[in-house]
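Peer 1: have a look at this fold, sequence not included:
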């Protein structure tokens, strides 16, 4: 897993270096709402409830224009974000709650179509892949019958009955936003994760979903 993480970070920074000579560095931060669907095999359906809850993120994007017309642009953007997810699984049948607090490093990349308005501000929409890596986390499990609950530290890895979650997540992300002439940026994005990241027990799965609202400011890197 560590070697995979190194490879992913190397690829990401090589791409960043490719666009580093382009127009903008966009500093951004905002809030999020995470959804982690939790599913079990038939016969254990009482825990088929998602972990959901708020979070926060912050980081930066680099942008490079691939094609430009008078009012239209095709832009490539890649970012590096720190993300905190604070989720709760509410099981109404038992009146209990389980919790997961997770910290990830997220690397999204987008291909945007931008349109310039009369005010010289721009609206944009785009999509692309993301890669995310878990670096820290804690959980809390409620007591159910003879099962004793308590707090625990997330163990990252891929060993069944030993590790809790795989650190590597990846998927696709869609994003739309508004950029003012002065550089103020506001956007909304949605991540859809592909892999099952739950490891601890067989026949159980967890996948990441996240919705974000972000504000930012674009700093020009070249004239």
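Peer 2: On my side now, so go ahead. Note that the structure is predicted; figures quoted are calculated from it, not measured.

Peer 1: just the helices in this protein please.
Peer 2: Per DSSP state H, the chain carries helices over the ranges 2-19.

Peer 1: so which residues of it form strands?
Peer 2: 24-36, 38-40, 51-68, 72-91, 96-116, 122-141, 150-153, 168-179, 184-193, 204-206, 209-220 (DSSP state E).

Peer 1: now these in TSV, with mean neighbour count, mean pLDDT and distance to residue 162?
Peer 2: No exception for glycine: its C-beta is placed from N, CA and C like everyone else's. Below are the strands of the chain laid out as TSV (neighbours: other CB atoms under 10 Å; pLDDT from 0 to 100; distance: least, CB to CB, whole Å):
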stretch	mean neighbour count	mean pLDDT	distance to residue 162
strand 24-36	19	95	21
strand 38-40	17	78	19
strand 51-68	17	93	21
strand 72-91	18	92	22
strand 96-116	19	93	18
strand 122-141	18	94	15
strand 150-153	10	87	13
strand 168-179	18	97	17
strand 184-193	18	97	23
strand 204-206	17	88	15
strand 209-220	17	96	26
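
Peer 1: out of those, nearest to residue 160?
Peer 2: Nearest of the strands of the chain to residue 160, taken as CB to CB: strand 204-206 at 10.6 Å.

Peer 1: what's the closest one in contact with?
Peer 2: Under the criterion CB atoms under 8 Å, 6 or more residues apart in numbering, residues 36, 37, 38, 39, 40, 41, 51, 165, 196, 197, 198 lie in contact with strand 204-206.

Peer 1: follow-up on the earlier one: any idea which of the strands of the chain gets closest to residue 161?
Peer 2: Proximity to residue 161, assessed across the strands of the chain by CB to CB, is greatest for strand 204-206 (11.8 Å).

Peer 1: ok, so of the contacts of strand 204-206, who is nearest residue 58?
Peer 2: Using CB to CB, the contacts of strand 204-206 come closest to residue 58 at residue 36, 20.7 Å.

Peer 1: what residues are up against residue 136?
Peer 2: Applying CB under 8 Å, 6+ apart, the residues contacting residue 136 are 102, 103, 154.

Peer 1: who are the contact partners of the closest residue in space to residue 152 that isn't next to it in sequence?
Peer 2: Nearest residue to residue 152, sequence neighbours excluded (CB to CB, 6 or more residues apart in numbering): residue 139, at 5.3 Å. In this structure, residue 139 makes contact with 98, 99, 100, 101, 151, 152, 153, 154, 164, judged by CB under 8 Å, 6+ apart.

Peer 1: kindly recompute the last result at 7 Å.
Peer 2: 99, 100, 152, 154 (CB atoms under 7 Å, 6 or more residues apart in numbering).
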